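Novice: all I have is the shape, not the residue letters:
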Ligand code: ATP
């Protein structure tokens, strides 16, 4: 059986409330992820197959990782995370073993969610795969995906959610039925989405009364969530800069007063 050391705790610290402008993605994840994980018997009864794999794609920084973690946290089901780059960095044979062990562990703790971040690194098109090793890793992933059929796992579902910036570079065999047959596209947010993201990102910090979210959303065409987050944290830094400058100015004024006092004193002592 799979090593106990593989962490299956759902992530904490990030909730769906922290995300903005992702209503459409949330709706799709509810249909394809939440329903089957929480009510597998309804699918069995209706003889409807449960989704096996969901491919979440979109540009870097659009929130693929955070939305996956936030969903896992809100579902409260075990969560097995596989990071593409760390899987392929192993020695030959190690990578396949890691994939196998993570999938085995997931089956033990099912119903559960597997999250594969940067799946394109693990599963490039086999004809463009550089080495025999890469080809073997893709093959292992296909075998592992096929092993998740519910009837092979006491009717307990394991759903794989995978994120990528480059869906076209994936091996097409992965996108066939019974594997990653559901795709959700998270594009660059539009103006109203940016406004919602900005609002979600500024729930905590105290804001000045004149913040105009719709004007900010207009001015930030092309920004993804990660860019907007940088903007908000810069605003925080600027506000602290202003505070520091005010402090320094005050300190300087006090020093001048001291000098004046000092010279008065000196004058006095000379007398
Ligand atoms: P990459 O492909 O580079 O891994 P990604 O799409 O997985 O990017 P994340 O790492 O999930 O992007 O997002 C980067 C950061 O941007 C997150 O830490 C999060 O704080 C912020 N962010 C992204 N999208 C949103 C959003 N819709 N609402 C609020 N914050 C967001």
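Specialist: It's in. Model, not experiment: these values are computed from the prediction.
Novice: so where does the spatially most central residue of the chain fall, helix or strand?
Specialist: Centroid check for the chain by CA atoms, centre = their mean gives residue 65 as the closest residue, at 1.5 Å. Per DSSP states H and E: residue 65 is located in helix 64-75.
Novice: give me the next element, helix or strand, following that helix.
Specialist: Assigned by DSSP H and E, the successor of helix 64-75 is strand 79-83.
Novice: does the next helix or strand after that next one reach the ligand?
Specialist: Next helix or strand after strand 79-83 toward the C-terminus (DSSP H and E): helix 84-88. No. Applying CB under 6 Å from any ligand atom, one finds helix 84-88 separated from the ligand by no less than 10.1 Å. C-beta: built from backbone N, CA, C; applies to glycine.
Novice: what is helix 84-88 packed up against?
Specialist: Contact analysis of helix 84-88 by 3 or more CB pairs under 8 Å, 6 or more residues apart in numbering; DSSP states H and E lists helix 94-109, helix 119-122, helix 132-146 as its packing neighbours.
Novice: now it, how far from the chain's geometric center?
Specialist: In terms of CA atoms, centre = their mean, to the nearest Å, the centre of helix 84-88 is found 17 Å from the chain centre.
Novice: who in this protein is up against the ligand?
Specialist: Counting by CB under 6 Å from any ligand atom, the residues of the chain that sit close to the ligand are 19-22, 58, 60-66, 163, 165, 197, 200-201, 225-226, 229.
Novice: I'd like to know which of the residues you listed are buried.
Specialist: Burial by neighbour count, judged by 16 or more other CB atoms under 10 Å, picks out 19-22, 58, 61-66, 163, 197, 200-201, 225, 229 from the residues of the chain next to the ligand.
Novice: the residues you listed in helices, which ones?
Specialist: Under the assignment DSSP state H, these contribute 64, 65, 66, 197, 200, 201, 225, 229 to helices.
Novice: just checking, the second one touches residue 165?
Specialist: The one in question is residue 65. No. Between residue 65 and residue 165 there is no contact under CB atoms under 8 Å: 11.1 Å.
Novice: quick check: residue 146 touching residue 176?
Specialist: No. Judged on CB under 8 Å, residue 146 makes no contact with residue 176 at a distance of 10.4 Å.
Novice: list the contacts of the closest residue to residue 163 other than its chain neighbours.
Specialist: Among residues not flanking residue 163 along the chain, residue 64 sits closest, at 3.9 Å (CB to CB, 6 or more residues apart in numbering). With contact set as CB atoms under 8 Å, 6 or more residues apart in numbering, residue 64 has these partners: 56, 57, 58, 117, 163, 164, 186.
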